[in-house]
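J.: Generate coordinates for the sequence data below:
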Amino acid sequence: MIAVEIIKTVKEMQKHSDRSRLSGKTIVLVPTMGFFHEGHLSLMRKGRKIGDDLVVSIFVNPAQFAPGEDFESYPRAFERDIGLAAKEGADVIFVPDEKELYPDGFQTYINLEELPKHLCGISRPVFFRGVATVVSKLFNIVKPDIAIFGQKDYQQVVVIRRMVKDMNFDIEIVDVPTFREPDGLAMSSRNSYLTDKERDYARSLFKSLKTAQTLLKDRTNDASKIIGAASRIIESCPETVIDYISIFDPETLVDMKTIDRPAQMALAVKIGKTRLIDNMRLRS
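T.: Numbers count the residues shown, from 1 in each chain. Next comes the predicted model:
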C-alpha cells in the first residue's frame with residue numbers, strides 16, 4: 001500500500017496541482033463527504049485507471065444541509081477512510097476544514113435556474129446551491145482534468161454537467177454506475193442509520209425500480225401507472241414515506257407522461273428517520 005499525502009489547505013492543494021500539471025500528469029478528482037463504502041471505492045478505481053494523479057476530497061459540506069437535516073450526525077470515519085483510499089491508490093486526500101472553504105465574509109454561491117426545481121430540489125431547496133458551490137470551489141482548487149461522480153446521485157450529476165458547460169470549466173465529467181448491496185440496495189453512507197427492520201424495508205426501493213422496468217417491457221408506457229405500481233410496493237412496507245417518485249427526461253429532468261423514448265426513474269423515500277434515494281434508466 002502506497003502512502004497517501006494528506007493536504008488540508010487550499011494553497012497547498014493548488015501548489016500540488018500546479019506541479020502535477022507542469023509535469024504533464026492528468027489529475028483526477030473524486031469529490032466525497034467521506035465514510036467510504038464500495039461505491040466510493042469504485043469511483044477511485046475508475047480514477048486510478050484513467051489518470052496519473054488521483055485526488056480524493058473529503059468534506060462534509062454545510063452549505064448543502066438545511067436546518068434540521070443531518071449535518072452534525074452525518075457519519076464520519078477519517079482514519080478508516082485514509083486507509084481505504086490509500087489501498088485504492090489515491091495520491092492525495094484533500095481534507096479542508098469549514099473555515100478553509102467558507103472563510104469569514106463568504107457570500108458567493110452558484111445557483112442553477114431550472115434543474116434544481118425537480119426531484120430532490122423540491123424538498124431540499126438549498127441542496128443544489130450548496131453542491132454546485134462546493135464542487136466549483138473544488139474544481140478551482142484541485143484543477144482536475146477529470147472529475148468522477150456516482151450515478152446514484154443522478155440529479156447531482158446532471159446539475160454538475162450543466163454547471164461545467166455553462167461556466168466553461170475545462171473538465172471532463174465521468175459518471176460511474178451505482179454500486180449495490182447483494183440485495184440491490186444502493187450503497188449510501190446513510191445506510192448506516194438503518195435498523196435491521198428498516199434495512200429490510202429499504203429493499204423496496206430497488207424492487208419498485210425493477211418492477212417499473214418489467215412493466216415497460218410488457219408495453220405499459222403510461223408513466224402514472226408505473227409510478228402507481230412502484231408506490232404500492234414501497235407503501236406496503238411499514239415506516240416508509242415517499243418524498244417523490246418521478247419518471248422524467250434524463251437531461252432536462254422534466255416529467256414524462258408517456259415513455260416513448262429512454263427515460264430516467266428516480267425516487268426518494270424516508271424509512272424511519274433516514275432519507276434514501278435511488279434511480280434507474282428505463283428502456284422499452
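J.: So for stretch 234-251, first residue to last residue, what's the gap.
T.: End-to-end span of stretch 234-251 (CA to CA, to the nearest Å): 26 Å.
J.: and that stretch, how far out from the chain's middle?
T.: Remark: stretch 234-251 is offset 18 Å from the chain centroid, using CA atoms, centre = their mean, to the nearest Å.
J.: how about that stretch: buried residues?
T.: Using 16 or more other CB atoms under 10 Å as the test for burial, stretch 234-251 gives 234, 237, 240, 242, 243, 245, 246, 247, 248. The C-beta positions use only the backbone N, C-alpha and C, and glycine is treated the same way.
J.: now, which of these sits nearest residue 165?
T.: Residue 165 has its nearest neighbour among these in residue 248, at 19.3 Å by CB to CB.
J.: Quickly list what that closest one is bridged to.
T.: On the basis of DSSP bridges, residue 248 is bridged to residue 255, residue 264.
J.: can you tell me which two in the buried residues of stretch 234-251 are farthest apart?
T.: Pairwise over these, using CB to CB, the maximum falls at 237 and 248, 24.1 Å.
J.: which residues in the stretch 51-200 of the chain form strands?
T.: 53-58, 92-94, 146-150, 172-176 (DSSP state E, counting those that start in this stretch).
J.: Could you export the buried residues of stretch 234-251 as CSV, including distance to residue 111?
T.: Below are the buried residues of stretch 234-251 laid out as CSV (distance: CB to CB, whole Å):
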residue, distance to residue 111
234, 32
237, 36
240, 32
242, 27
243, 22
245, 26
246, 22
247, 26
248, 21
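J.: What about these, which are in helices?
T.: residue 234 (DSSP state H).
J.: In terms of distance to residue 182, which of the buried residues of stretch 234-251 ranks first?
T.: residue 237 (19.0 Å).
J.: show me the contacts for the closest one.
T.: For residue 237, the contacting residues are 200, 201, 204, 271, by CB atoms under 8 Å, 6 or more residues apart in numbering.
J.: ok, back up a step: among the buried residues of stretch 234-251, which one lies nearest to residue 60?
T.: For those, the closest approach to residue 60 (CB to CB) belongs to residue 243, at 21.7 Å.
J.: correct me, but that closest one touches residue 119?
T.: No: look at residue 243 against residue 119 with CB atoms under 8 Å: they stay out of range, at 9.0 Å.
J.: Mutual contacts of the two, please.
T.: residue 268.
J.: Pull the distance from stretch 21-37 to the chain's centre.
T.: 15 Å.
J.: per-residue confidence averaged over that stretch?
T.: Average pLDDT, stretch 21-37: 98.
J.: ok, and the most crowded of the contacts of residue 237?
T.: With neighbours taken as other CB atoms under 10 Å, the top of the contacts of residue 237 is residue 271, carrying 25 neighbours.
J.: how far away is it from residue 37?
T.: Using CB to CB, to the nearest Å, residue 271 is found at 18 Å from residue 37.
J.: again with residue 156
T.: For residue 156, the distance to residue 37 - CB to CB - is 17 Å.
J.: Name the residue in those two with the higher neighbour count.
T.: Using other CB under 10 Å as the criterion, residue 156 and residue 37 rank with residue 156 on top: 23 against 15.
J.: Contact partners for the more buried one?
T.: 128, 131, 149.
J.: Kindly recompute the last result at 10 Å.
T.: By CB atoms under 10 Å, 6 or more residues apart in numbering, the residues touching residue 156 are 64, 115, 119-120, 127-128, 131-132, 135, 149-150, 175, 277.
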